[in-house]
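K.L.:
got a structure for you, letters missing:
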C-alpha cells in the first residue's frame with residue numbers, strides 16, 4: 001500500500017521532464033495492478049495547479065488536457081482515494097504536536113501525511129524531501145525504487 005504523490009503524476013504527464021519515462025512507466029504499472037494504491041483529491045488538485053501553471057512550465061497543459069490525464073488515472077481499478085474519517089481531527093492534532101515546525105506550504109504535505117496516517121498507510125512514492133519530516137512515513141523515491 002502506498003500513496004502516489006503529486007510530483008510522480010506531474011512527471012508522468014510531462015514528456016519534457018527528465019523523470020518522465022520512469023514515472024510514466026510506474027504509473028502505467030500501478031494502473032493495471034491488482035494491489036491497491038492511493039491518492040487524495042488534494043494531490044489531484046495540486047497536479048492541476050502545477051501542470052497548468054505558466055510559471056512552472058514553458059508549455060503548461062490546458063486544463064482540459066490535465067483533467068483528461070487525471071480521468072485516466074481515476075479509471076484505474078486499483079486506485080483508491082483517501083478521505084477524511086471521524087478520526088481526522090484527532091490524527092491531525094497528534095501529527096501537528098509531533099511535527100511542530102509545520103507552517104506555510106508544508107501544510108499541504110501535512111494534510112497528505114495526516115490522511116495517510118488516518119488510513120494506516122506508511123509508504124509514499126515521491127521526490128518531495130519534505131515528507132521526511134513525518135517520522136511515521138516511509139518515503140520512497142520513484143527513480144530509485146525497484
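P.N.:
Received, thanks. Predicted, not measured: the structure shown is a model, and the values here were computed from it.
K.L.:
kindly check the end-to-end length of stretch 88-107 for me.
P.N.:
One end of stretch 88-107 sits 15 Å from the other (CA to CA, to the nearest Å).
K.L.:
buried residues, that stretch. List them.
P.N.:
Going by neighbour count (16 or more other CB atoms under 10 Å), the buried part of stretch 88-107 is 91-92, 95, 102. Using the backbone N, CA and C atoms, a C-beta is placed for each residue, glycine as well.
K.L.:
cool, and stretch 74-84?
P.N.:
Buried residues in stretch 74-84, counted by 16+ other CB under 10 Å: 76, 82.
K.L.:
run the chain-centre distance for it.
P.N.:
12 Å (CA atoms, centre = their mean, to the nearest Å).
K.L.:
how about the strands in the chain?
P.N.:
2-4, 37-40, 79-82, 123-125, 138-140 (DSSP state E).
K.L.:
could those strands be laid out in CSV, adding distance to residue 25?
P.N.:
Putting the strands of the chain into CSV (distance: least, CB to CB, whole Å) gives the following:
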stretch, distance to residue 25
strand 2-4, 13
strand 37-40, 14
strand 79-82, 17
strand 123-125, 13
strand 138-140, 15
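K.L.:
want to throw the ones you listed into JSON lines with distance to residue 63 and mean pLDDT?
P.N.:
Output for the strands of the chain, formatted as JSON lines (distance: least, CB to CB, whole Å; pLDDT from 0 to 100):
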{"stretch": "strand 2-4", "distance to residue 63": "21", "mean pLDDT": "98"}
{"stretch": "strand 37-40", "distance to residue 63": "19", "mean pLDDT": "98"}
{"stretch": "strand 79-82", "distance to residue 63": "20", "mean pLDDT": "98"}
{"stretch": "strand 123-125", "distance to residue 63": "25", "mean pLDDT": "98"}
{"stretch": "strand 138-140", "distance to residue 63": "30", "mean pLDDT": "97"}
